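Undergrad: Here is a sequence with its predicted model. Questions after.
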Amino acid sequence: MIDLKKLSVLAITALLLTGISGITTAAAAKPAPTTTSLPTTSLTVLVTSLINSVGDDAFSTVDLTALLATYTSLTPTPLYTFSSAAAIQPASSGSGTSTQHYGPYSSSSGDSGTCGPDWATDTFDRHFTVFQNNDGSFLVVEQFKDGSFVTIAGPSPGACDPNNTPGTVNGGITGSLHGYFVIPLPAGATQTSTSSSCFVSPYTECTTYSFLNSHFTGCGSYPVAPCSVTTFFFHYAAGGQGLIVNEWKNASADRGGNHGDIRSANV
């Protein structure tokens, strides 16, 4: 991993394909809180709904501010989930959820496979979208867009997955990638900066850790809880080049887990 439905779904997809991505991604002003007899749900549930509305691949590259606006406009009647305590209403832009967009930031990183050592070097643009709820809670989605990779000879990325066939990958294989992290911030976290830079002093490079700690309190322990990635998805693809398996999905269990490989030979 990189360093660590309804008819409305068709409508969302159509809108995204016909230009809704042009909607500004500048930080949105936080709407005035609304009064409701039901508590708003966590941002994690809202973001999961957004992912499910378009799918993992589209969510990796879509304009999330535009997606949130579209999603909430297509669901004027609140959807409810039920817990033992009470009905919970997913938050929306109309009920106090706002976003801020940061990036793109050109970056690169080693990419560790299931066996441990890096199997590739990745290059991509980082995009961070900060979701803030009307209760003051925060959640950060980091997207990895316009990505590419170059393999390092050795075990294939899925070689040590218990459900996979062990294999190797040749060095110098190239392909494309995209993905995302979902990072809920701990209760009590506060935003200390809205700088458009990925990082500020004392941090010296653009990483997930540097962004979080440059803009918020409460994430000094990342990637260890209470500020850690709870959901992730990455999709790698490469054609030809002697590969016997040419697509690898590296994902958390809630997004279906790992699948496929980037493999030159079985062992």
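TA: Looks like it arrived, so ask away.

Undergrad: going forward, measure contacts between C-alpha atoms and count neighbours the same way
TA: Will do.

Undergrad: quick one: the helices in this structure?
TA: 7-17, 43-54, 56-61, 64-73, 208-215 (DSSP state H).

Undergrad: closest one to Gly147 among those helices?
TA: Closest of these to Gly147 is helix 56-61, at 10.3 Å (criterion: Cα to Cα).

Undergrad: Let's test this: mean pLDDT of the closest one, rounded?
TA: Helix 56-61 shows a mean pLDDT of 98 in the predicted model.

Undergrad: Check which helices and strands it is in contact with.
TA: Packing partners of helix 56-61 (3 or more Cα pairs under 8 Å, 6 or more residues apart in numbering; DSSP states H and E): strand 138-151, strand 174-184.

Undergrad: what about this protein, any weak spots by pLDDT?
TA: 1-41, 75-95 (pLDDT under 70).

Undergrad: Recalculate using a threshold of 80.
TA: By pLDDT under 80, the low-scoring segments of the chain are 1-41, 72-96.

Undergrad: Point to the residue nearest the middle of it.
TA: By Cα atoms, centre = their mean, the mean C-alpha position of the chain lies nearest to Tyr180, the distance being 2.5 Å.

Undergrad: what residues are up against His227?
TA: Not His; residue 227 is Cys. Residues near Cys227 by Cα atoms under 8 Å, 6 or more residues apart in numbering: 183-186, 218-221.

Undergrad: sorry, back to before: isn't the residue nearest to the centre of the chain right up against Glu142?
TA: Yes - counting by Cα atoms under 8 Å, Glu142 is a contact partner of Tyr180 at 5.5 Å.

Undergrad: okay, now the nearest residue to Thr123 once chain neighbours are set aside: neighbour count?
TA: Closest residue to Thr123 apart from its sequence neighbours, by Cα to Cα, 6 or more residues apart in numbering: Ser108 at 4.3 Å. Neighbour count for Ser108, taken as other Cα atoms under 10 Å: 19.

Undergrad: can you check Ser201 too?
TA: As a burial measure, Ser201 scores 8 neighbours (other Cα under 10 Å).

Undergrad: who are the neighbours in contact with it?
TA: Going by Cα under 8 Å, 6+ apart, Ser201 touches Ser214.

Undergrad: Pop out the phi and psi values for it.
TA: Backbone dihedrals for Ser201, given as degrees, to the nearest 10, come out at phi -60, psi 140.

Undergrad: measure it to Ser195 for me?
TA: 12 Å (Cα to Cα, to the nearest Å).

Undergrad: One more: Gly257?
TA: 35 Å.

Undergrad: thinking again about what came up before, touching, the residue nearest to Thr123 and Ala120? I think so.
TA: No - using Cα under 8 Å, Ser108 is not in contact with Ala120; the gap is 10.7 Å.
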